[in-house]
Structures are given as C-alpha cells and as structure tokens.
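Participant: I would like to see how this sequence folds:
(one chain, ligands or ions: 1)
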Amino acid sequence: MSAVAFVGLGNMGGPMAANLVAAGHEVVGFDLVPDALTRAERSGVRVASSAADAVSGVDVVITMLPGGRHLLDAYRGAEGVDGGLLAAARPGTLFVDCSTVDVADARAANASAVEAGHRAVDAPVSGGVSGAEAGTLTFMVGAEADDLPVAEPLLSAMAGRVVHCGGPGGGQAAKICNNMVLGASMLAVSEAFVLGERLGLTHQALFDVMSTASGQCWSLTTYCPVPGPVPTSPANNDYKPGFAARLMAKDLGLAMSALEQTGVDARIGGRAAEVYRAFADALDGEPRDFSAIVETVRERSRPEA
Ligand code: NAD
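Facilitator: The predicted structure is shown next:
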C-alpha cells in the first residue's frame, strides 16, 4: 500500500480520498478550506498543517483542484498560495493530477514536475460526485508508459474504469473531446424536445422513437433533459446537479482553448460553448444541472401563435 498525499478535498477530492483510505492506503490530506479538512478527517484521512507538510514524506501526490491556475500555483508555489509541492516532495515522487485543466496547463505542470526530478501523470475523471462517492469514476490517463503501472492501482481504488489515452496531456485531451460532444448533444436533444412540443409530440413518444433510432445518445437515454422518460435524470429532480452547468461551461471553455491552439473548425462545439457560457453566467452561482438548458431553449423560442 502506498503513502499518498491528497491536495484538494472538495466535492470530488473528499470522497476520492475516502475511497483510497477504504482501500487500505495511508492518506494525508490538505485543503485551504477548514470544513473540507474536517470532513476528510472523519473519513480517515490524516490532516496535514500545510500542503508542503502533506507531500513531504509520501510516494504519490494526488491533486483535485478547481483549475489550471490553481494547479500550476500549487505545484510551483505562488504568493498567497500554500504550495510549492514540487519543491517540498522527495525526489522521484509521482504526481497525479485529477483536476480538469487546459491541455497546455497539464503539459506545463508535467514539464515542471519532471524538471524538479519527479514523475507526473494527468488523470482527469468523468462520473461526477456520485461516481467519486461510489468509486466508479472513469479516469482518462495521460502518462509515460513507465508511470502507468504505479498510478493504475491507486486510481483503481477510485475507479470503474482507467483508460490510458497517451502521453502527458492525453487524459485532458480525451476529457475535453468527450465533454464537447456531451455539451453539443445535450443541446441538440433539448432543441429536439422543444421542437417536438411545438409539433404536438409527447415527450414519451419522441423518447421512444429517438432512443431506438439514430438520434440515440447518452444525453437522451441516460440523462434525458425532460421529466418522465428516464426517472433517474436530473430533470425529475428539479434539475439539481448532477453535472453543474458551470462545470460544463468550464469544460467547453477548455475545449475552445484547445480548438484555438490546434486550428480545428468546430462550429457545433463552438456554439455549444457560447450557449453554455451564457447559461452559466445567467445562473449567477445557482447550482443547476447542465440539462436544464432545455428550459432556456424553450424560453428563447418565439411565443406560440
Ligand atoms: P471543489 O471546488 O469542490 O473542490 C476543489 C477544492 O480545492 C476546494 O475544496 C478548494 O478549497 C481546494 N483548493 C484550491 N486551491 C488549493 C490549494 N492551493 N491547496 C489546497 N486546496 C486547494 O471542486 P470539485 O467539484 O471537487 O472539482 C474539482 C475538479 O474536478 C475540477 O477541476 C472540476 O472541473 C473537476 N470535475 C468535477 C466534477 C463534478 O461533478 N464536481 C466532475 C468531473 C470533474
């Protein structure tokens, strides 16, 4: 069993660290928010007094932070941030970042870690808070082949599936490609339901056709944006997240940044990014599932004659 430091014990990191403890690993954790530390302590994580203290005596450092800036500042150290993890860790420590960040930031973080004498992989996740709690996350891993056998057993304690996507940055690349499809497909399914309403179709009739026809997709069959056809979808729970609209807007923003860097002409993905950015901004911090975009489509449609 490995000695693991876990930095970032929020909605995702808290339950992920708890699953590592449950699998028998010795986990020392740190977060800037005292409440997060209290919750982690209750699940068996040993709480450190600083991030540097957490990482100084371990084999593996896992980070689960809000975004790329937080990651780079935590790795390299920055004013006002309790960090400098790369300097504080023993040489040869394996750094595993599970946050969702820009591909370029993931590669920069990896390069800084290697330069400091460590090893590093990016391993963003899909599956949300419920997947983190149940230990069924999908990890998309960007790693040198030698580092994978060290990271994989740890990730497995928190995972339903671990997919090696290629070298450094490969995990983040796969994550944003997938979420670009997810954002676009949720928007397309929502537009189809509102069009169906205007054309006199019931939600159930349209669902019964599309779910067994060529319009079939995850946004329809698992996460149906209208109440009724899929009882477990957030539409039946007043659109409580689930996968929050602000996180979808964030991930589509990362996809846009990658599209810009690569020059890919992705008009559907670009439009989905605009729509979700406006939706998340209008919510002004209210927690709302990303499938609630169907309400915006309805509201923005011309009034029926
Ligand atoms: P969160 O805001 O709940 O947790 C992030 C934690 O990091 C916070 O507790 C914060 O205090 C801590 N933190 C920030 N800077 C720190 C530092 N320098 N040192 C120590 N702790 C620090 O966010 P979350 O929902 O847990 O998401 C974490 C990451 O996972 C994000 O990158 C997000 O995009 C990604 N993600 C989230 C979900 C989801 O459904 N919530 C799903 C997939 C991926």
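Participant: any weak-confidence spans in the stretch 201-305 of the chain?
Facilitator: Low-confidence segments of the stretch 201-305 of the chain, defined by pLDDT under 70: none present.
Participant: give me that answer again for 80
Facilitator: Within the stretch 201-305 of the chain, the segments meeting pLDDT under 80 span 305.
Participant: then the stretch 51-200 of the chain?
Facilitator: Using pLDDT under 80, the flagged stretches of the stretch 51-200 of the chain are 79-83.
Participant: can you list the residues of it near the ligand?
Facilitator: Proximity of the stretch 51-200 of the chain to the ligand is assessed by CB under 6 Å from any ligand atom, with 51, 64-67, 70, 74, 81-83, 99-100, 125-126, 128-129 identified as the residues in range. In this view, the C-beta of every residue, glycine as well, is placed from N, C-alpha and C.
Participant: what about residue 164, helix or strand, and which?
Facilitator: In this structure, residue 164 sits in strand 159-166 according to DSSP states H and E.
Participant: export that strand as PDB, just CAs?
Facilitator: Once side chains and other backbone atoms are set aside, the C-alpha atoms of strand 159-166 remain, and they are given as PDB (Å, rounded to 0.1, in the frame of the first residue of the first chain):
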ATOM      1  CA  ALA A 159     -12.500   3.900 -10.500                       C
ATOM      2  CA  GLY A 160     -14.900   1.900 -12.500                       C
ATOM      3  CA  ARG A 161     -12.500   2.300 -15.500                       C
ATOM      4  CA  VAL A 162      -9.000   3.500 -16.200                       C
ATOM      5  CA  VAL A 163      -8.100   4.300 -19.800                       C
ATOM      6  CA  HIS A 164      -4.600   5.100 -20.900                       C
ATOM      7  CA  CYS A 165      -5.000   7.800 -23.500                       C
ATOM      8  CA  GLY A 166      -1.400   8.500 -24.400                       C
END
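Participant: hang on, the earlier thing: now the buried members of the residues of the stretch 51-200 of the chain next to the ligand.
Facilitator: 51, 64-65, 70, 74, 82-83, 99-100, 125-126, 128-129 (16 or more other CB atoms under 10 Å).
Participant: show me where the stretch 1-150 of the chain has helices.
Facilitator: The residue ranges that make up the helices of the stretch 1-150 of the chain, judged by DSSP state H, counting those that start in this stretch, are 13-22, 34-42, 51-55, 68-76, 85-88, 103-115, 128-134, 148-156.
Participant: per-residue confidence at the residue of the stretch 1-150 of the chain found nearest the ligand?
Facilitator: In the stretch 1-150 of the chain, the residue that lies nearest the ligand is residue 10 (1.9 Å; CB to the nearest ligand atom). Note on residue 10: pLDDT of 96.
Participant: am I right that it is in contact with residue 70?
Facilitator: No. Contact between residue 10 and residue 70 fails when scored by CB atoms under 8 Å: they sit 10.8 Å apart.
Participant: count the neighbours of residue 201 for me.
Facilitator: The local packing of residue 201 (other CB atoms under 10 Å) involves 15 other residues.
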